[in-house]
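[1] Sequence below, structure please.
(one chain, ligands or ions: 1)
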Amino acid sequence: MMQDFIYLRANTVKEALDFLEQYKDDSKIICGGQSLLILMRQGLVSPKYLIDIKHLEELNYIKFASQEGLKIGATTTHRALEKSSLIKKRYPVLVDMEKNLASIQTRNWGTIGGNLAHGDPAGDPGPVFIALNAVVKTANKERERTLPLEEFFIDFFETALEEGELLIEIQVPAIPPKTAVAYEKFNIIKNDQGVVSVAASITVDDSGIKCKDARIVLGAAAPIPKRAKESEQMLRGQKLNDRLLDRAAEKASEEAEPFADVHATEEYRKFLVKALTTKMLKKSWEQAKKLI
Ligand SMILES: Cc1cc2nc3c(=O)[nH]c(=O)nc-3n(C[C@H](O)[C@H](O)[C@H](O)COP(=O)(O)OP(=O)(O)OC[C@H]3O[C@@H](n4cnc5c(N)ncnc54)[C@H](O)[C@@H]3O)c2cc1C
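    Take a look at the predicted model:
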């Protein structure tokens, strides 16, 4: 059963940071509530103070500039990302990802900041944004800091957010030329979280055959979204072919650190990593060739 709490509505970022400073570990930020309320109803989290940032228009934005890339404020909803023509044009993989994230109702309420801060290893945005080389900006009362999203995830439902810190913004560099990024999850119930997911980014040279760069990120295949770095290294500087992509996918499944739960055994997760990595590498390579 949910415990009583004191509701505090923050009207500015400064006010939210003041509340966080004042109520320290007795408090919890709530934004869309799509993840937090489940934990509160189950009695797993019982904050004395709930600091609502849902209405912070200061953090509700999607901006792009060619030098700085994409900036997404933390209170931006999944639905806003899915519907953004800017995102569709410049980062189509984010629209593909968002379309299959939960139901429309959850996408209307759930925010990108809440999703990342929740630190769920099966969350969809984590692997995609890491494949896109994203950085997150956080702030507390004293200072702001940025860190690669890859370093933001620490363990199951644990992030690098420190006490008193708010996730402010996600920053994504412009996608390099001749680069395509693909993402897919395997799930049993449509629009539910993936049993395993894979994001892959391939950059090709002018011939379309040689791989200049590769990034492979596994979701729900380790306690955090995990780069398959040895697999990536097998591809960099090499001439791509189906055989090599299959071998790289095999390596990615060796690099996975899967867990067993009601959805899948460790072995099945490894199998899925291999299958999805093969598929995403082939898809991103095909798409990258079309960009020459
Ligand atoms: C039925 C259902 C299906 C779902 N399916 C999927 C799915 O397929 N894929 C997927 O990825 N997700 C899925 N989710 C999870 C959902 O996407 C996330 O719950 C949502 O994005 C979280 O955002 P929120 O604003 O609701 O966060 P909240 O629930 O408000 O907060 C979540 C956590 O983040 C913290 N927090 C929130 N914002 C900030 C901030 N700016 N700074 C610091 N801390 C913050 C809160 O304190 C809390 O710990 C599903 C959820 C439901 C209910």
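
[2] Spell out which parts of the stretch 1-150 of the chain neighbour the ligand.
    28-36, 53, 74, 78, 101-102, 106, 109-111, 113-115, 117-118, 123-124 (C-beta under 6 Å from any ligand atom). Every C-beta, even on glycine, is put in place using the N, C-alpha and C of the backbone.

[3] and those residues, which of them are in helices?
    Residues of these located in helices (DSSP state H): 36, 78, 106, 109, 113-115, 117-118.

[4] List the buried residues of the longest helix along the chain.
    Counting residues, the longest helix in the chain under DSSP H turns out to be helix 266-289. Buried positions in helix 266-289, judged by neighbour count with 16 or more other C-beta atoms under 10 Å: 269-285, 287-289.

[5] so residue 201, which of the three states?
    strand (DSSP: H, G, I helix; E, B strand; the rest coil).

[6] Just give me the neighbour total for it.
    Other residues near residue 201 come to 27 when the count uses other C-beta atoms under 10 Å.

[7] State the helix or strand in which the closest residue to the ligand within the stretch 151-292 of the chain lies.
    Of all residues in the stretch 151-292 of the chain, residue 167 sits closest to the ligand, at 3.5 Å by C-beta to the nearest ligand atom. Per DSSP states H and E: residue 167 is located in strand 166-172.

[8] List the contacts of the helix or strand harbouring residue 127.
    For residue 127, the host element (DSSP H and E) is helix 125-131. Outside helix 125-131, the residues within contact range by C-beta atoms under 8 Å, 6 or more residues apart in numbering are 93-94, 97, 101, 112, 115-116, 149-150, 153, 170, 172, 181, 183, 197-201, 215-219, 224-225, 227.

[9] taking these one by one, which sit in strands?
    153, 170, 172, 181, 183, 197-201, 215-219, 227 (DSSP state E).

[10] Who are the contact partners of residue 258?
    196, 221-222, 264, 266, 269-270, 273.

[11] With distance to residue 250 added, can I get those in a markdown table?
    Listed next are those as a markdown table, based on distance: C-beta to C-beta, whole Å:
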| residue | distance to residue 250 |
| --- | --- |
| 196 | 15 |
| 221 | 14 |
| 222 | 17 |
| 264 | 19 |
| 266 | 16 |
| 269 | 14 |
| 270 | 10 |
| 273 | 10 |
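
[12] Determine which two of these are furthest apart.
    Farthest-apart pair in the contacts of residue 258 is 222 and 264; separation 13.4 Å (C-beta to C-beta).

[13] now residue 64, nearest residue through space, not along the chain?
    residue 70 (5.0 Å; C-beta to C-beta, 6 or more residues apart in numbering).

[14] element containing that neighbour, please.
    Here residue 70 is assigned to strand 69-73, by DSSP H and E.

[15] and the angle for that strand with strand 166-172?
    160 degrees (axes from the mean of the first three to the mean of the last three C-alpha atoms, to 10 degrees).

[16] Each with direction, which strands does strand 69-73 pair with?
    strand 62-65 (antiparallel), strand 166-172 (antiparallel) (DSSP bridges).

[17] Burial-wise, tell me which of these comes out on top.
    Across the strands paired with strand 69-73, the average number of neighbours (mean count of other C-beta atoms under 10 Å) peaks for strand 166-172, which reaches a mean of 23.

[18] OK, now which residue of this protein is nearest to the ligand?
    For the chain, C-beta to the nearest ligand atom, closest residue to the ligand: residue 114, 2.1 Å.

[19] From residue 278, how far off is that residue?
    32 Å (C-beta to C-beta, to the nearest Å).

[20] and if you look at residue 203?
    From residue 203 over to residue 278 (counting by C-beta to C-beta), the distance is 19 Å.

[21] do the same with residue 56
    Residue 56 is 42 Å from residue 278, where distance means C-beta to C-beta.

[22] How about residue 272?
    According to C-beta to C-beta, residue 272 and residue 278 sit 11 Å apart.

[23] hang on, the earlier thing: most neighbours out of the ones in strands among the contacts of helix 125-131, which is it?
    residue 200 (35 neighbours).

[24] What score does the residue nearest to it when sequence neighbours are not counted have for pLDDT?
    Spatial nearest neighbour of residue 200, chain neighbours left out: residue 280 (3.8 Å); criterion: C-beta to C-beta, 6+ apart. You'll see residue 280 listed with a pLDDT of 98.

[25] what's near enough to touch residue 280?
    Residue 280 touches 182-184, 198-200, 216, counting by C-beta under 8 Å, 6+ apart.

[26] again, 10 Å this time
    Applying C-beta atoms under 10 Å, 6 or more residues apart in numbering to residue 280 gives the contacts 131, 181-184, 197-202, 216-217, 245, 249, 252.
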